[in-house]
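Student: Sharing a sequence plus its predicted fold:
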Amino acid sequence: MRVAVITDVHANRHALDAVLADVDAEEVDAVWCLGDTVGYGPQPNECCDLVRERSDVCLAGNHDLVALGELTVSDFNEEAAAAAVWTNEVLAPNAEAFLRTLSPTGEPNGAELFHASARDPIWEYILTEEAAKATLDLTTAPLVLVGHSHVALALTLEDGTVAGGVAKAGTEIQLDRRWLLNPGSVGQPRDGDPRAAWLLVDADRRIASFRRVAYAIDETQSEMRAAGLPSALAARLDRGE
């Protein structure tokens, strides 16, 4: 079985289109989305439609829940909060209905999926060894997948200590032990590489491959400015941060 894992699309239709074109070229059997389909970006309804049509599994992320009014913007910075308010105002009924069906966790095909972490599936960033170990200790699946941090990561335990780190484009992981993987973000990468990120998991060959795809960043930025979204959110896309 070959699975495409995507996460943190953040209403960036151009990035999502580029990733799905790359996914289609790989002839995968399933698409799993780890949440945050909306937030930050200018095309929440279009991205909800695409993710609903293309994903076999989809989780809810914190930005999805805030856009629905199920969480408040109190934990967001000023730019994220402004984008969340805008998203809530423009969210179409069918997009809202789709997001309301989602949960922040899932267990497809023996894997364990969390938007953020096992300890806190909605909010915790796995960016430290302590956070990674907590999620690995709280799970038993050979493959644990998370999003939320917008940083592509490959982490494992060696003699009780977390090993691994940031996964650059082209990194291949042998799935010969337990792994905690983050595909990186489709719509707003924060690991210094502005290209859209996704993860190909080949269960038969027991290999996970980290992929990056160039997309029309300038078009997304233009749409963000036209929508009146905060300029800082558009500017950061060039930098991958």
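Tutor: Alright, I've got the coordinates.
Student: With Arg13 as the reference, measure out to Asn45.
Tutor: 9 Å (C-beta to C-beta, to the nearest Å). Placement of C-beta: from N, CA and C, glycine included.
Student: Which one of these two is surrounded by more residues?
Tutor: Arg13 (23 against 19; other C-beta atoms under 10 Å).
Student: That one is in contact with Pro44, isn't it?
Tutor: No. Applying C-beta atoms under 8 Å, one finds Arg13 not in contact with Pro44, separated by 9.2 Å.
Student: OK, contacts around the residue lying farthest from the centre of the chain?
Tutor: Distance from the centre of the chain peaks at Asp159, with 29.1 Å (C-alpha atoms, centre = their mean). By C-beta atoms under 8 Å, 6 or more residues apart in numbering, no residues touch Asp159.
Student: Need phi/psi at it.
Tutor: Asp159 has phi and psi values of phi 50, psi 40 when expressed as degrees, to the nearest 10.
Student: Ala92: neighbouring residues, count only.
Tutor: Per other C-beta under 10 Å, the neighbour tally for Ala92 reads 13.
Student: same question but for Val38, I mixed them up
Tutor: Counted with other C-beta under 10 Å, the burial measure for Val38 works out to 31 neighbours.
Student: Please apply the same query to the one 5 residues further on.
Tutor: One way to gauge burial is a neighbour count; for Gln43, by other C-beta under 10 Å, it gives 25.
Student: I'd say it and Ala226 touch.
Tutor: No. Counting by C-beta under 8 Å, Gln43 does not reach Ala226; the two are 11.3 Å apart.
Student: quick one: buried residues of stretch 99-116?
Tutor: By neighbour count on 16 or more other C-beta atoms under 10 Å, the buried set for stretch 99-116 is Leu99, Leu102, Pro104, Thr105, Gly106, Ala111, Glu112, Leu113, Phe114, His115, Ala116.
Student: First-to-last residue distance for stretch 200-212?
Tutor: Criterion C-alpha to C-alpha, to the nearest Å; first-to-last residue distance in stretch 200-212 is 11 Å.
Student: same deal with stretch 209-218?
Tutor: 27 Å.
Student: Averaged pLDDT, it. What do you get?
Tutor: Taken as a whole, stretch 209-218 carries a mean pLDDT of 99.
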